[in-house]
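K.L.:
the following block contains a protein sequence and its predicted model.
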Amino acid sequence: MEAEEKGPSTGDLSEGGTEQVGARPNSRKRLNFELSQALYDELQRVAASRGASVSHLLRAFIRLGLKVVQLEDNPGAALILREDDREREIVLF
């Protein structure tokens, strides 16, 4: 994965967040990485169904993942997924 100067804030879940985490205002990082065709196709499908770009969707997923990591670092917190009558804890790592 390559990184170069360019990236937005990662401090909140909204696209236009103002909280800066370890970055200069207006600085950005560009990432370059490979995805399987199947994963990319699924990202395109989800983005299209929500009227968003794949890049916008990935930025939202990254922000959500960072929030999950913060929860995992807090011993009293958990991320619970509830589907119908079933609940399960989500753990990233």
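P.N.:
Thanks, I have the structure now.
K.L.:
spatially central residue in the protein, please.
P.N.:
Residue closest to the mean C-alpha point of the chain, counted by C-alpha atoms, centre = their mean, is Ile62 at 1.7 Å.
K.L.:
in three-state terms, label that residue for me.
P.N.:
What DSSP: H, G, I helix; E, B strand; the rest coil gives for Ile62 is helix.
K.L.:
any idea how far Ala77 is from it?
P.N.:
Ile62 is 19 Å from Ala77, where distance means C-beta to C-beta, to the nearest Å. Using the backbone N, CA and C atoms, a C-beta is placed for each residue, glycine as well.
K.L.:
in the chain, which spans are strands?
P.N.:
2-5, 29-32, 79-83, 86-90 (DSSP state E).
K.L.:
where in this protein is pLDDT low?
P.N.:
Residues of the chain meeting the criterion pLDDT under 70: 1-24.
K.L.:
now do the helices in it.
P.N.:
In the chain, the helices defined using DSSP state H lie at 37-49, 54-72.
K.L.:
winner for burial among those helices?
P.N.:
helix 54-72 (a mean of 14; mean count of other C-beta atoms under 10 Å).
K.L.:
tell me the angle that helix makes with helix 37-49.
P.N.:
Here helix 54-72 runs at an angle of 100 degrees relative to helix 37-49 (axes from the mean of the first three to the mean of the last three C-alpha atoms, to 10 degrees).
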